[in-house]
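*Asks:* Sequence and predicted model, in that order:
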Amino acid sequence: MKLKDLLKDVTSSCLSGSMETEVTSIAYDSRKVSEGTLFVCLRGFATDGHKYMDDAVKAGAAAILAEEDPDHHTGVTVVKTDDTRKALAFISARWFGHPAEKMTMIGLTGTKGKTTVAHMIKKILEENIYGNITLDEICSHINFSKSYIKSTFKKATGCGIHQMYVQMKISLSERLLSEEIYSVSEISEKLGFSSIHHFSRAFKQAVGMPPTAYVKSVRRRALL
């Protein structure tokens with residue numbers, strides 16, 4: 001990778017050499033420098049990397065990133081920046097293709113995070129109330145294993161994920177049936193049930209009557 005590309009996110013100035021210099025590796029320990037390395041001078045508690053510029057050059061460094069001007073000509077490209085430690089973070093991110101941008105970060109609060117995880121799962125279920133979402137897909141959303149989210153959700157809510165999902169669908173179906181905009185079969189299909197028989201069975205188990213009887217009861221209540 002060219003030096004100018006590595007330093008794209010770093011405020012710096014080239015003191016000698018060329019920003020077109022090709023870099024094959026990065027090191028802040030002069031003992032790990034090889035041909036083509038960008039040597040980054042870091043100031044530490046015990047020593048100062050600026051003292052090892054010559055060692056890095058002898059080992060084959062193609063470029064040096066420093067906070068101070070070298071006191072003699074090094075013979076390689078030298079770039080100056082205000083904070084080499086901060087610069088190293090940006091350089092490393094660019095060198096490895098910005099891996100943090102491809103990661104999903106999850107923050108858990110409280111003692112063991114059970115409530116937080118449960119809320120996350122319920123949110124995913126709500127967003128997928130129409131149609132279906134599998135346990136594997138939920139796991140990929142929040143980056144936890146099946147066994148963990150199943151046990152955590154159960155401890156936090158007292159019921160299983162599938163059971164909660166069905167309850168949410170049935171609760172929504174009660175409202176849809178009351179509105180009488182869609183037929184029973186249309187509601188069954190919208191909510192992702194495999195068949196109208198499956199929907200009717202789940203509805204009766206939760207409400208105590210089949211969907212058609214529920215619609216009739218709603219009508220009767222409306223006449224009172």
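*Replies:* Here it is on my side, so go on.
*Asks:* CA atoms for contacts and neighbours, from now on please.
*Replies:* Will do.
*Asks:* From the centroid of the chain, which residue is nearest?
*Replies:* T104 (0.9 Å; CA atoms, centre = their mean).
*Asks:* Which helix or which strand is home to that residue?
*Replies:* Using DSSP states H and E, T104 sits in no helix or strand.
*Asks:* Now do the longest helix belonging to the chain: which elements does it pack against?
*Replies:* As assigned by DSSP state H, the longest helix anywhere in the chain is helix 161-179. Applying 3 or more CA pairs under 8 Å, 6 or more residues apart in numbering; DSSP states H and E, one finds that helix 161-179 contacts helix 146-157, helix 184-190, helix 196-207, helix 211-223.
*Asks:* low-scoring stretches of this protein, by residue?
*Replies:* 45, 105-113, 224 (pLDDT under 70).
*Asks:* what about I26, which SS state?
*Replies:* Following DSSP: H, G, I helix; E, B strand; the rest coil, the label given to I26 is strand.
*Asks:* From the structure, what's the count of residues near the nearest residue to G160 once chain neighbours are set aside?
*Replies:* Spatial nearest neighbour of G160, excluding adjacent residues (CA to CA, 6 or more residues apart in numbering): K154 at 5.3 Å. Neighbours of K154 under the rule other CA atoms under 10 Å: 16.
*Asks:* Can I get the strand or helix carrying V57 as CSV, trimmed to CA atoms?
*Replies:* Using DSSP H and E, V57 maps to helix 53-58. Provided in CSV are the C-alpha atoms of helix 53-58 (Å, rounded to 0.1, in the frame of the first residue of the first chain):
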residue,chain,number,x,y,z
MET,A,53,15.2,5.6,13.6
ASP,A,54,18.7,4.5,12.5
ASP,A,55,18.1,0.9,13.6
ALA,A,56,14.8,0.9,11.7
VAL,A,57,16.5,2.3,8.5
LYS,A,58,19.3,-0.3,8.8
